[in-house]
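> Dropping a prediction and its sequence here:
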Amino acid sequence: MGKKRNRVSVNASGSNLVSNPFGSLDTSGLSKPPAGGPIDPPTAVKAIEKKNRGRVDVIRQRSAGGSSWMTVAKNFKGIAESEKKSLKQLIQKRCGVGGSLKGGCIEIQGDKREEVKLVLESAGFQVVFAGG
């Protein structure tokens with residue numbers, strides 16, 4: 001026969017699971033929460049307007065082997081390679097596929113034009129589907 005294992009009881013009557021880990025904390029020095037409920041955000045804070053960062057073309061084309069599709073975002077104006085790299089990583093995470101950054105263009109595996117459009121529009125770009 002096998003070894004006998006010591007198991008922890010999950011019943012509410014067991015003393016191991018009923019103890020409160022925060023029961024011994026001293027709350028005498030803390031201020032009391034306001035009676036009105038959660039704190040309302042200040043009314044002076046205005047919604048941040050997304051600025052237009054320019055037009056980006058998103059195209060679908062055949063990959064190098066010619067057997068599958070890839071999505072390419074190109075014609076970025078005035079942004080650094082590091083920002084393109086972070087955008088590429090966001091798009092890859094959103095789409096769940098691989099990709100690369102070649103010649104200032106973001107290449108994503110598969111036909112993921114809609115997902116790429118959502119990520120780029122949330123970053124403030126005007127996305128235009130170009131090509132076929």
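Nice, I can see it.

> Could you report the pLDDT at residue 109?
Model confidence at residue 109, given as pLDDT, is 93.

> same question, residue 11
For residue 11, the model assigns a pLDDT of 64.

> buried sites along the longest strand along the chain?
Residue-count comparison of every strand in the chain, with assignments taken from DSSP state E, identifies strand 55-62 as the longest. Of the residues in strand 55-62, those with enough neighbours to count as buried (16 or more other C-beta atoms under 10 Å) are 56, 58, 59, 60. For every residue, glycine as well, the C-beta is placed using N, CA and C.

> and which of those residues is nearest residue 130?
Out of the buried residues of strand 55-62, the one with the shortest distance to residue 130 is residue 59. That distance is 5.0 Å, counting by C-beta to C-beta.

> any idea of the pLDDT on that closest one?
With respect to pLDDT, residue 59 has a value of 95.

> which stretches of this structure have low pLDDT?
Segments of the chain classed as low confidence (criterion: pLDDT under 70) are 1-2, 8-18, 34, 36-51, 132.

> Tell me which stretches of it form strands.
Counting by DSSP E, residue ranges of the strands within the chain are 55-62, 69-74, 99-102, 105-109, 126-129.
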